[in-house]
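prediction below, plus the sequence it came from.
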Amino acid sequence: MGELAHTPPQRHRDDPSQTNETSTDDIIRVTLAAAADGIMAIDDRGTIRFGNHAAADLLGLPAHDLVGRRFGHDLIAGQALEIELSVPGQGTRVLDARTAATKLSGERILVAVLRDITQRKQSELALKAALEQQSAGLAVAAHELHSPLAAIGVLAHVLGDEQVSMALPERAKIAERIAELAERLQMLMRRLLTSVRIEAGGSHGQPEPVRVLEVIIDQLALVNAAPGAVSVSCSPGLTTAVDRAELTMMLSNYVDNALTYGKEPVEIVAAEEDGWAVIEVTDHGPGVPRSFEPLLFERFARAPEAQGKAAGIGLGLWIVRMLAQANGGDAWYEPRDGGGSRFVLRLTAPPGDTCGGGT
């Protein structure tokens, strides 16, 4: 490895000044070699004249092969530079380079201090992506909340206008529409609040034995679907250890997703499988585009084909998976044989539960 300083002239070994100078020189060499940061000296031609072991490690080069190489990056004295390089077997690495200029025997030398900031850079990029995703999601949420609010305002104004002549059935239809829009707003707000609670790391409810069929029936009573549009197959005795309110939210989001983006008939099948309570919600729609499948359960994810066709903020499926995992289970998507979608929810089932005929 090269050295920055020339070798001092030989002196008598008993000369005290020789002993002190040699000792100081050795200390400098040892300090530079042991430094955690990479340290290099580079001449005006860009050739590395000195480099410690840390610099060689950061650049992914053998220590004995560092001196004499061209550095390959333009450094400016007094300015910080981020260097991105590919290290064989270790992927991409980002280095922070701080430089200062000096002279050695009349020759201008740049001294560079290198520090690995790969992890910090990755964290910054991840945070930036998360903030961009959140901003986009909040913009979608604001739009989806604004539309029903504006419609409710207009319809309420029509109902309250005494100069508008309207028969009772027409007024009833407007009132019914206002109720539907208000229900949609409540659903959107529940999803947003649930999302905030999950992101904040708030504790979920306490698991308890819950009869799956009871929750399914409760949800079907609230579903706005034609008679016979949803069929159910589940044993009355099938139970799962879960927070009841969270199971209600998970099932509600699955069914709402099937009715909104899929096609009737929608089928809900629940059964015990290897110690799990497995709930499947299937539909006969076009299914999920293969390119979108990896993003399906991401927060604020909305398929381009679905945008503009149905209200939504891309939180429903993300909430299902997060709540399922918080309750010791999981949630995922499978293409349905013959076309359509199958959304699966797996939760812990007490031993001995079985699922029989349909209901």
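All right, it came through fine. Numbering: from 1, shown residues only.

just the helices in the stretch 201-350 of the chain please.
Defined through DSSP state H, counting those that start in this stretch, the helices belonging to the stretch 201-350 of the chain, from first to last, are 212-220, 244-261, 316-326.

looking at those helices, which is closest to I268?
Nearest of the helices of the stretch 201-350 of the chain to I268, taken as C-beta to C-beta: helix 212-220 at 5.8 Å. For every residue, glycine as well, the C-beta is placed using N, CA and C.

what residues of that closest one count as buried?
Neighbour-count burial for helix 212-220 flags 212-213, 215-216, 219-220 (criterion: 16 or more other C-beta atoms under 10 Å).

adding pLDDT and distance to I27, write these out as a markdown table.
Converted to a markdown table, the buried residues of helix 212-220 look like this (pLDDT from 0 to 100; distance: C-beta to C-beta, whole Å):
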| residue | pLDDT | distance to I27 |
| --- | --- | --- |
| V212 | 94 | 73 |
| L213 | 94 | 79 |
| V215 | 92 | 73 |
| I216 | 92 | 77 |
| Q219 | 83 | 75 |
| L220 | 84 | 80 |
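
for those, give me CSV that also has distance to G38.
Listed next are the buried residues of helix 212-220 as CSV, based on distance: C-beta to C-beta, whole Å:
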residue, distance to G38
V212, 60
L213, 65
V215, 60
I216, 62
Q219, 61
L220, 65
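
of those residues, closest to V288?
When the buried residues of helix 212-220 are compared against V288 (criterion: C-beta to C-beta), the nearest one is Q219, at 22.0 Å.

hmm, that closest one is touching L251, no?
Yes. Using C-beta atoms under 8 Å, Q219 is in contact with L251, at 5.3 Å.

want to throw the helices of the stretch 201-350 of the chain into CSV with distance to E176?
Supplementary listing: those in CSV, determined by distance: least, C-beta to C-beta, whole Å:
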stretch, distance to E176
helix 212-220, 20
helix 244-261, 18
helix 316-326, 24
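
so, low pLDDT: which residues of the chain?
Applying pLDDT under 70 to the predicted model, the residue ranges of the chain that meet it are 1-23, 25, 28, 129-144, 146-147, 191-192, 196, 199-205, 304-313, 350-359.

tell me where it has strands.
Per DSSP state E, the chain has strands spanning 38-43, 48-51, 81-87, 91-104, 107-116, 208-211, 230-233, 239-242, 266-273, 276-282, 330-335, 341-348. These are given in chain order.

export stretch 227-247 as PDB, just CAs?
Once non-C-alpha atoms are left out, stretch 227-247 reads as follows in PDB (Å, rounded to 0.1, in the frame of the first residue of the first chain):
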ATOM      1  CA  PRO A 227     -82.100 -11.700  -3.200                       C
ATOM      2  CA  GLY A 228     -80.100 -14.800  -3.900                       C
ATOM      3  CA  ALA A 229     -77.100 -12.900  -5.000                       C
ATOM      4  CA  VAL A 230     -75.000 -14.200  -2.100                       C
ATOM      5  CA  SER A 231     -74.900 -17.800  -1.000                       C
ATOM      6  CA  VAL A 232     -73.400 -19.200   2.200                       C
ATOM      7  CA  SER A 233     -72.000 -22.600   3.100                       C
ATOM      8  CA  CYS A 234     -70.900 -23.100   6.700                       C
ATOM      9  CA  SER A 235     -71.500 -25.300   9.700                       C
ATOM     10  CA  PRO A 236     -73.300 -23.500  12.600                       C
ATOM     11  CA  GLY A 237     -70.700 -24.900  14.900                       C
ATOM     12  CA  LEU A 238     -67.600 -23.400  13.200                       C
ATOM     13  CA  THR A 239     -65.900 -21.000  15.600                       C
ATOM     14  CA  THR A 240     -62.700 -19.000  15.500                       C
ATOM     15  CA  ALA A 241     -60.600 -17.200  18.100                       C
ATOM     16  CA  VAL A 242     -60.700 -13.600  16.900                       C
ATOM     17  CA  ASP A 243     -61.900 -10.100  17.900                       C
ATOM     18  CA  ARG A 244     -65.600 -10.100  16.800                       C
ATOM     19  CA  ALA A 245     -65.600  -6.500  15.600                       C
ATOM     20  CA  GLU A 246     -62.500  -7.100  13.600                       C
ATOM     21  CA  LEU A 247     -63.800 -10.300  12.000                       C
END
